[in-house]
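**Q** Quick check, what structure comes out for this input:
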Amino acid sequence: MMRDIGSSISNAIFENIGRAAGRVQENKPLPSDLLESDDAYLVVFDAPGTTASDIQVRYIDDRVEVRIDRFRDFYEGFEMRYPGRGLALDGSVTLPSDAAVDPETAQATLKSNGTLHVRVPKADTDHDEDEATDVGVETDESETAEDNEADADSGTADVEDVTESADESEDDDA
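**A** Down below sits the predicted model:
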């Protein structure tokens, strides 16, 4: 009886600590880097444990915004003792104030190492800052060491309406 009470208390403590850790992770922005080349900006977000369908990428005003709604896998024969990973994660990066970009041709690629690369090409003219543009996300499973050093174009999706980019992803996988 006392052992059951002790086990129940310890389970409740682990669960509460785990949920608190998950909430802390959800309230912190995703770690990110902003890089610039002669023809584009590249925003790299840490996105571990996600699939392309978990990720929403939008370009709003002068910001690249990312929302990740990931799910926990269930493992047969195991029960959750410590739910410590955040499931709803957000991040955004503001481009420089003088950045003239073409968000309509932006591409997002989820790399096999758990990073999300959002490439926003530079434009000759300023973009319309009142419009939001959705960016389709694809998975790059064929990543090599060279891909980590250079921004490869394979495995990326053009910016389109959300429903169209989802349809395109299914066609690419077939």
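**Q** quick one: pLDDT of Tyr75?
**A** On pLDDT, Tyr75 comes in at 86.
**Q** Which strand or helix spans it?
**A** Counting by DSSP states H and E, there is no helix or strand that carries Tyr75.
**Q** how deep is it tucked in, by neighbour count?
**A** Tyr75 has 8 neighbouring residues, counting by other Cβ atoms under 10 Å. All C-beta atoms are positioned from the backbone trio N, CA, C, and that covers glycine.
**Q** OK, contacts around it?
**A** Residues in contact with Tyr75 (Cβ atoms under 8 Å, 6 or more residues apart in numbering): none are found.
**Q** Look up phi and psi at it.
**A** phi -120, psi 120 (degrees, to the nearest 10).
**Q** Next one: Ala99 relative to Arg81, how far apart?
**A** Distance of Ala99 to Arg81, given as Cβ to Cβ, to the nearest Å: 46 Å.
**Q** So which of those two has more stuff around it?
**A** Remark: of Ala99 and Arg81, Ala99 carries more neighbours, 15 against 11, as counted by other Cβ under 10 Å.
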